[in-house]
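**Student:** Give me a 3D structure for the following:
(chains A and B)
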Amino acid sequence: MGLENVLARLRAYVQESFLYMRPGFAVGDDESLFDKGVIDSMGIVELIGFLESEFSVAVRDDDVSEQNLGSLTSIARYVMVRRGNGGGV
Amino acid sequence: MCGLAGIARREARGVTVETLDRMAAALRHRGPDGYGRYGGARVGLAHVRLSIIDVAGGAQPLSNEDGRLWVICNGEIYNHVELRQELEGRGHRFQTRSDTEVLVHGYEEWGVRMLERLHGQFAFAIHDRQGDTVFLARDRFGVRPLFYSEQRGDVLFASEVKALFASGEVRAAPDLQGLDEVFTFWAARPPRTVFAGVQSLEPGCFAVWRDGRLRVQRYYTLAYPEARAESPNAVAELDELLHASVAERLRADVPVGGYLSGGLDSSITCALAGALTPHRLRTFSVTFDDPQLDERTFQQLVARELRTDHAVQAIGPGDIAAAFPEVVRHTETPLVRTAPAPMYLLSRLVRKQGIKVVLTGEGSDELFLGYDLFKETAVRMFCLRQPQSRWRPRLFERLYPYLDARGRRGDFWQRSFLDAGSPADPLFSHLPRFQLTARIKDFYSGEMRVETRGFDALAELRATLPAEFPSWAPLHRAAYLEMVTLLSPYLLSSQGDRMAMAHAVEGRFPFLDHRLFEFAARLPTGSKLRGLREKDILRRWAAAVVPQPVAERPKQPYRAPDVPAFFAPELVGYARELLDKRAVQDSGIFDPAAVAGLLGRCRKGAALGFRENQAFVAILSTQLWYQHFIDSTAPWRGATAPEPDIAVAERASAQG
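**Tutor:** Numbering: from 1, shown residues only, chains lettered A, B, ... in the order given. Sure, this is the predicted structure:
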């Protein structure tokens, strides 16, 4: 699975899970999900569950950071790395 | 404890017996033991009674010696014995043993200054026939409710809003700003309510109606004159105050029981009550199937050690959903949690077992800084003092140990607190909670967004803070906000008075004795939150009173299942109807498409976080509330009120 593919699934997931009640609200791939008010600290637990079930990656406690999970692009990159398709995290 | 209602008219055209009967009928659940009414030229009073003190002779309305003053009261005056002695010494003659009677003699003797002398939880109305006035008052912390509505110079008042509507003279319409406050603070902030034109008398206030005008005035102010250091006698003083408070709250002519959550506070009230009563104490708890919510191990431990006669209300699958419509009918407001529902079922059990009065531990967390919110505030201030520190924010991981550990790690969790607001903001302590709750507004309809645009619940709260507020320690500011935004309008009301009185059970709150509050408010904050150990002084004192594991047990918040309670596995029938697109559109508060999206997520089991759980409960309860109170096709409206089955006293003829 390529980066673009992962990104597309993430976009759909974020839309369905966190933005379904806010039609017309757009978030860019590189924008901070936290700063835009899309995901809060509770939403992270949900997001981690999704990454684990959808992409079969085990998210380590130490990986739960804005660097890895802060935007759609950073999450996609993180998933690629954890699936062994990219460089180190 | 009881229910009261009344009308005062600007013109002397009387209040019909039928009107008083309808208002009383709407409050019957609060007072199944008797009904009395008073009708005069301008004023009508109605009172449904739950008899606790002077069971045989305490029917209301009660008057003074010459029949000039008439009173109806909901609640208890705990120091009535001492006040009666003093008043008898000044020549007053009592006709009953009722605690309520001290109010008419006390008012005659001291006027409104009487309020300073009262120990208790009360809401009452005194009609002065000579002066043609009505005096309304509510206790210091808002244990007992009192609502009123001004209609062209007339004032209608009652223990519950439904009695105002039952009069036929107050129209039920939503107050959208009141609703917006519920979706910010968990409850509308008195005097505002969720009904347009209906006010709640603020705790610690009284109101005088004269010549068609109602003037509200405060007689008790929360203050935090913090001492520099803990007095060496502080623990002894606490011991004395707690014993005195519990002893006063055991004054009743019927047996008094105790709620037992398994936490420190209710263990204390039960331990003291057990020691101070000659008979074996009856205790009551709720248990949950979900081990994360259940506290039965601690409840059993305390019940065993205190040798109480313990009864349990198990909350099983389907119980919360089945009770929820009745819960909302009694709370008279939308809710953001289901937590009141188990309390509703618990009071039903208590009543079935023949108990009318229970002590509870409510108030301790506000007085002694027990909630996690206070720790959170302390950690946020600690981190913001050294923003560059890398290790200070690790303390956030120690907050909320009962939540999923992964959510509590890393910079997301830290930022959710650190970015919430500046310590310079008076609401600093509560901003994370207010912001989280306000996510419910993501589901607002377009119309609701337009209607509430320009209304800022937080700005209004800031504008009403007392002048001394900035001089208090940050944790005392937090405690004050907790008292005024959550304790009175939500915990003591939706989760307290309304759930207990739904089954005619009176809750009594030893921690909400004003002398105990004033003692706690004078303590340095470090005596209460020592490091991250909450209720420190209380724990030090309690070590010899409650079982050791309970004395040392960290605070476990009381919670109940939210979304899962309504799916078994399909959404329960009434919720399906009320959350249907058409029904959501009709009430107009929430957006039907957003609600449909939320339901889809709930069905999949994907709505796991606070955000969606609170939104689901808020939307469903709003729909129930709308159906019960606003929707004119709802079945209860216009129904003929039954004749009161016990007419205790019709002391004066009602005008037709």
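**Student:** At the contact with chain B, which residues of chain A appear?
**Tutor:** Contact residues, chain A versus chain B (CB under 8 Å from any CB of the partner chain): A:16-17, A:20-23, A:34, A:39-46, A:48-49, A:59, A:61-62, A:64-66, A:69. To be clear about C-beta, it is placed using only N, CA and C from the backbone, and glycine gets the same treatment.
**Student:** SS state for the residue nearest the centre of chain A?
**Tutor:** Centroid-nearest residue in chain A: A:Ile75, 4.0 Å away (criterion: CA atoms, centre = their mean). Following DSSP: H, G, I helix; E, B strand; the rest coil, we place A:Ile75 in the helix state.
**Student:** same question, B:Pro232
**Tutor:** B:Pro232 is classified as coil under three-state DSSP.
**Student:** Run a quick neighbour tally on it.
**Tutor:** B:Pro232 is flanked by 7 other residues according to other CB atoms under 10 Å in any protein chain shown.
**Student:** what about chain B, any weak spots by pLDDT?
**Tutor:** Where chain B drops to pLDDT under 70, the residues are B:1, B:404-410, B:632-656.
**Student:** before we move on, what about chain A?
**Tutor:** Using pLDDT under 70, chain A drops low at A:85-89.
**Student:** Just want the residue of the stretch 101-250 of chain B that's nearest chain A.
**Tutor:** B:Phe183 (13.4 Å; CB to the nearest CB).
**Student:** For whatever helix or strand that residue lives in, C-alpha coordinates in PDB please.
**Tutor:** Assigned by DSSP states H and E, B:Phe183 falls within helix B:176-185. Extracted in PDB, the C-alpha atoms of helix B:176-185 (Å, rounded to 0.1, in the frame of the first residue of the first chain):
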ATOM      1  CA  LEU B 176     -31.900  29.100  23.900                       C
ATOM      2  CA  GLN B 177     -29.200  30.800  26.000                       C
ATOM      3  CA  GLY B 178     -30.100  28.600  28.900                       C
ATOM      4  CA  LEU B 179     -29.700  25.500  26.600                       C
ATOM      5  CA  ASP B 180     -26.400  26.900  25.400                       C
ATOM      6  CA  GLU B 181     -25.200  27.100  29.100                       C
ATOM      7  CA  VAL B 182     -26.200  23.400  29.600                       C
ATOM      8  CA  PHE B 183     -24.000  22.600  26.600                       C
ATOM      9  CA  THR B 184     -21.100  24.600  28.200                       C
ATOM     10  CA  PHE B 185     -21.400  24.100  32.000                       C
END
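**Student:** could you point out which element follows it?
**Tutor:** Scanning forward in sequence from helix B:176-185 by DSSP H and E, the next helix or strand is strand B:199-200.
**Student:** what comes into contact with that next one?
**Tutor:** Strand B:199-200 is contacted from outside by B:145-149, B:188, B:190-193, B:489, using CB atoms under 8 Å, 6 or more residues apart in numbering or on different chains.
**Student:** That strand pairs with which strands, parallel or anti?
**Tutor:** strand B:147-151 (antiparallel) (DSSP bridges).
**Student:** hang on, the earlier thing: farthest pair in the contacts of strand B:199-200?
**Tutor:** Using CB to CB, the two most remote members of these are B:Ser149 and B:Pro489, lying 17.6 Å apart.
**Student:** So between the two, which is more surrounded?
**Tutor:** For B:Ser149 versus B:Pro489, neighbours defined as other CB under 10 Å are more numerous around B:Pro489 (26 against 23).
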